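Colleague: Here is my input, please return the structure:
(one chain, ligands or ions: 1)
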Amino acid sequence: MTTAPLPEFTHERVSTAVGERSGLTMTVALHSSAIGPALGGCRLWRYPAWIDGVADAMRLASAMTMKNALADIGAGGGKSVIALGPDDVLDDERRRDALLDLGDLVQTFDGLYRTAEDVGTTEHDMLVVSERTPHVLGLPAANGGAGEPAEGTALGVYASIERVVEQVFESGSVSGRSFVISGLGQVGSRLATRLAAAGARLSVTDIDATKQAFASSLGARWIAPDEALTTPADVLVPAGLGGVLTPAAIASLPVKAVVGPANNPLAYASGAEHLASRGILYAPDFVVNAGGVIHLAMVAEGASAREIEGRLLGIGDTLSEVFHAARAQGVTPLAAAQALAVQRVEQARERRSALV
Ligand SMILES: NC(=O)c1ccc[n+]([C@@H]2O[C@H](COP(=O)([O-])OP(=O)(O)OC[C@H]3O[C@@H](n4cnc5c(N)ncnc54)[C@H](O)[C@@H]3O)[C@@H](O)[C@H]2O)c1
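Modeller: Numbering: from 1, shown residues only. Below is the predicted model of the structure:
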C-alpha cells in the first residue's frame, strides 16, 4: 500500500524492476525527451513501501523536465530511485550490486535517460553504474567526469538567494539578514559557508547531529530539526528532503521568503498559493537548484569553467524573469515558472513533429 498519493502518469516510460543481483526494487522514470535525452540523478533512499520509491521517481522525473527546460541545456526530464525497504540492510557488496542493477535498467533506455548522483549516491557510485552503461554523468574528475555537481548547485542557489533578498528587501545583500538552513549535506553546507562568509545570521539544523561541529565552526546557531519551520527568520532555505512544507507548516511559517535546493519542498499542489497568501515569496525549487544539471551537462559538452560559472550565475536572471512574469500575470512564481517550462517543452515537441 502506498503511503502518499501517486503522481499523475504523464511519463513517456516508467520501468520498475527487482535488481537481479541486489534484490532491491528500483525505478527509472522517463518523463519527457521532447527537448533531448533526459537527465536526472539516482536517489538511493529508504521508503515505507516499494511503491513510494516509484511515486518519488515519477514526481522527481516530471520536476526534472521543468528544471532542464528552464536550465536550457537541451535535456529532457527523468530520474531513478533505488528503494530500500524499512528492513533492508545495505553493506558494501549489496550497494555495489544495486548500482550494477541500476546500470542494467538505465541501459534498457538506450540513451534516452542519463543518470548521475543524487541524494544517497556519490560520484564513486556512478563509476560502478558506468560498468553496465555509458549513459551516466558525474563520474569523478579523476576518471574524466564532471565530479560532484553540488558546488554548481550551491552557486546557482546562492545567486537565487541574492535575487530573492533583493526582491523582498530591495537590496541583494545578505549581510545582516537571518536565514534558517534545514539540511547541511553537500549543498546545504556549501550554502551555509557562503552565507556565513557574506555576513548572514544563520540558524541551522540537520537530522545528523554530528553536523553541529560544522555549524559552530561557522558561528551558526544550532536548532533542532523540528524547529526549522518554526524559527523566525528572513529566509528559509530547505536543503534536506522534499515534502516539508505541509499546510500546517505554511500556516505558521515565520519567514518572508523560501528559497533552497531541496527538490519538491511543497507537500501539496496549492502550497505556492498558500505561501503567497501569507505574503511569503517562494522561489520555485526547479529554477533555483538547476546548477547541478547545468554543471553536468556543460562539462559533458566540454564547456570551460568560466562558461559554466556564467551559466550558473545566470540562474539568478532566470529567477528574476520568473518573478517578473508572475507579477505581470498575477500568478505565483511557481505557476509562472511551470508555464514557461511547459511552453519550452511544447515548442520542442512541435519542432520535432514538424520534422517527422
Ligand atoms: N546535490 C545536488 O547537486 C543537488 C541538485 C539539485 C537538487 N538537490 C536537492 O537538494 C537537496 C539536498 O541535496 P544534497 O546533495 O545536499 O543532499 P545530501 O544528502 O548531501 O544532504 C541532505 C542533508 O539533509 C539532511 N536531512 C534530511 N532530512 C532532514 C530533515 N528532516 N531535517 C534536517 N535535515 C535533514 C541529511 O541528513 C543530509 O545531511 C535534496 O533535496 C536534493 O535532491 C541537490
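Colleague: Burial check on the residue in the chain that the ligand sits nearest to, number of neighbours?
Modeller: Residue nearest to the ligand within the chain: Gly185 (1.6 Å; C-beta to the nearest ligand atom). For every residue, glycine as well, the C-beta is placed using N, CA and C. By other C-beta atoms under 10 Å, the residues close to Gly185 number 17.
Colleague: what sits against it?
Modeller: Going by C-beta atoms under 8 Å, 6 or more residues apart in numbering, Gly185 touches 119, 206, 239-240.
Colleague: how about the nearest residue to the most centrally placed residue in the chain, chain neighbours excluded?
Modeller: Closest residue to the average C-alpha location of the chain: Asn263 at 3.9 Å, with C-alpha atoms, centre = their mean. Sequence neighbours aside, Gly242 is the residue nearest to Asn263 in space, at 5.1 Å (criterion: C-beta to C-beta, 6 or more residues apart in numbering).
Colleague: Which positions are bridged to the closest residue to Arg221 other than its chain neighbours in the beta structure?
Modeller: Distances taken as C-beta to C-beta, 6+ apart put Ser203 closest to Arg221, at 4.6 Å, once the chain neighbours are dropped. Note on Ser203: beta-bridge partners Val180, Arg221, judged by DSSP bridges.
Colleague: Please look at Ser203 and Leu229 and confirm they touch.
Modeller: No. Applying C-beta atoms under 8 Å as the test, Ser203 and Leu229 come out as separate, 11.6 Å apart.
Colleague: Can you tell me how far the residue of the chain closest to the ligand is from Ala328?
Modeller: 36 Å (C-beta to C-beta, to the nearest Å).
Colleague: what number of residues lie near the residue nearest to Asn263?
Modeller: Gly242: 18 surrounding residues under other C-beta under 10 Å.
Colleague: Ala328 too?
Modeller: Here the number of neighbours of Ala328 (other C-beta under 10 Å) works out to 9.
Colleague: now do Arg344
Modeller: 18.
Colleague: Secondary structure element holding it?
Modeller: helix 333-355 (DSSP states H and E).
Colleague: buried ones in that helix?
Modeller: 333-338, 340-341, 344-345, 348 (16 or more other C-beta atoms under 10 Å).
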